[in-house]
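Novice: could you work out the structure for the sequence below:
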Amino acid sequence: MAACAIRRGLLSTVSQYNRKHAHRILSVADSSGGLEVYKPRLQCRACGLSGGLQQRRFMSSRNRPEGKILETVGVFEALKQHGKYETGQLFLHSVFGYRGIVLFPWHARLYDRDITPPMSDSKPEPPGAHGSKEVKGKTHTYYQVLIDTRDCPHISQRSQTEAVTFLANHDDSRALYAIPGLDYVSHEDILPYNSTEQVPIQHELFERFLMYNPAKSPPFTARDTLKAWQEKNHPWLELSDVHRETTENIRVTVIPFYMGMREAQNSHVYWWRYCIRLENMGNEVVQLRERHWRIFSLSGTLETVRGRGVVGREPVLSKEQPAFQYSSHVSLQAPSGHMWGTFRIERTDGSHFDVRIPPFSLESNKDDKAPPAGYTF
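Specialist: Model (predicted):
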């Protein structure tokens, strides 16, 4: 069924959206005591309200700035069980709740260690990695998307909004720059909706990359600048491999990206970016306390890295806020290598357990041209 797509009010409830059915979503208005949720008579699986409950229910709004009112932004569309979403598709992120728009798809190989594979079409373990099983890859669709900048402050504690970084094109071999508000989103995390607004997403690249065309569906088509930018930056934007593993209901997903090579002190330094998402698939509240990395280089070196938290944080993963996503970088003085490791997780009773980070390859088999110096038009 069609439904009103709301913005920040869905940050906590939208992750419970049942993808097997299309259901009416709640329309939300502000109130002094929280959020007033007006329930339709049909049961809504997005929030778990049933027909036997009273007509309105109050929910907390921890992310809502004082005095701000939530408004309707569009109408939900049916989920695509087959095929892919097109350029210009508006969506809500099913886990982080932000508004976004699809720029273009990527077809990646997903290596899911939770699935026992046959012996063919699989990736072997790197030297010294935990476990010994090989993992079969299957094709999976991801999307390059723009995030609405109005939603960035409300997700900044759960997901970094600078998921795309490049090497700077000058003498400092360690300098990086980021393009804010770009993300990679899995097909199953897309909750599509439509809007009558001609500029429904606020982002500095929206009108440079897309144009409104009411004759099309979705009514936003790619400009030549988007096509040229995608072609120019393809080797450093491309998402090719995704690695996933679950330990005691904590799922870790890793996506590595090659960023290019720089010369430093008469040697070659190869750079990669890796995006990691931790997701609590259970009901128990846990907190990430430590990280332990093993980094193997083709040059024969094996480095161990230990530290508190990740990117300066020790995120709590709960049923209400189950996921945390971040990006980091690694450099090697060799064109390839491997990484693997563990996260130390703490339960509410003070006990700990280690969550495995699936091993992944660091490969530099890209074109021998220089990484981009930025996005130009």
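
Novice: run the chain-centre distance for stretch 201-208.
Specialist: 19 Å (Cα atoms, centre = their mean, to the nearest Å).

Novice: one more: stretch 139-157?
Specialist: From the chain centre to the centre of stretch 139-157 is a distance of 7 Å (Cα atoms, centre = their mean).

Novice: equivalent analysis for stretch 330-338, please.
Specialist: Computed by Cα atoms, centre = their mean, the chain-centroid distance of stretch 330-338 equals 24 Å.

Novice: gap between the two ends of that stretch?
Specialist: Start-to-end span of stretch 330-338 (Cα to Cα, to the nearest Å) is 11 Å.

Novice: pLDDT on that stretch, on average?
Specialist: Taken as a whole, stretch 330-338 has an average pLDDT of 94.

Novice: contact partners of that stretch?
Specialist: 126-127, 129, 174, 261, 267-272, 274, 295-299, 339, 359-365 (Cβ atoms under 8 Å, 6 or more residues apart in numbering). (Each C-beta comes from the backbone N, C-alpha and C, glycine too.)

Novice: and Asp151, how many neighbours?
Specialist: Counted by other Cβ atoms under 10 Å, the residues lying close to Asp151 total 24.

Novice: count the neighbours of the nearest residue to it once chain neighbours are set aside for me.
Specialist: Residue nearest to Asp151 in three dimensions, not counting chain neighbours: Tyr98, with 4.0 Å by Cβ to Cβ, 6 or more residues apart in numbering. Counted with other Cβ under 10 Å, the neighbours of Tyr98 add up to 28.

Novice: how about Asn213?
Specialist: Neighbours of Asn213 (other Cβ under 10 Å): 12.

Novice: pLDDT wise, what is it at?
Specialist: pLDDT at Asn213 comes out at 94.

Novice: what's the distance between the residue nearest to Leu317 when sequence neighbours are not counted and Val135?
Specialist: In space, and not counting its chain neighbours, Leu317 is closest to Asn280: 3.7 Å by Cβ to Cβ, 6+ apart. Applying Cβ to Cβ, to the nearest Å, the value for Asn280 to Val135 is 22 Å.

Novice: ok, Gln333 next?
Specialist: In terms of Cβ to Cβ, Gln333 sits 28 Å off from Val135.

Novice: neighbour count for the two, which is higher?
Specialist: Between Gln333 and Val135, Val135 has the larger neighbour count (other Cβ under 10 Å), namely 23 against 14.

Novice: helix or strand right after the lengthiest helix in the chain?
Specialist: Counting by DSSP state H, the longest helix found in the chain is helix 224-237. Once the chain leaves helix 224-237, the next helix or strand it forms, by DSSP states H and E, is strand 241-247.

Novice: mind giving me the packing neighbours of the helix or strand just after that following strand?
Specialist: Counting by DSSP H and E, the next helix or strand C-terminal to strand 241-247 is strand 250-264. Identification of packing neighbours for strand 250-264 by 3 or more Cβ pairs under 8 Å, 6 or more residues apart in numbering; DSSP states H and E yields strand 164-167, helix 224-237, strand 241-247, strand 267-280, strand 337-347, strand 352-362.

Novice: would you list the strands that strand 250-264 pairs with, along with their directions?
Specialist: Sheet pairing for strand 250-264, assigned by DSSP bridges, gives strand 241-247 (antiparallel), strand 267-280 (antiparallel).

Novice: what residues sit buried inside the longest one?
Specialist: This points to strand 267-280. Buried residues in strand 267-280, defined by neighbour count with 16 or more other Cβ atoms under 10 Å: 269-280.

Novice: let me have the strands paired with strand 250-264 in JSON lines, extended by distance to Asp112.
Specialist: Listed next are the strands paired with strand 250-264 as JSON lines, based on distance: least, Cβ to Cβ, whole Å:
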{"stretch": "strand 241-247", "distance to Asp112": "5"}
{"stretch": "strand 267-280", "distance to Asp112": "13"}
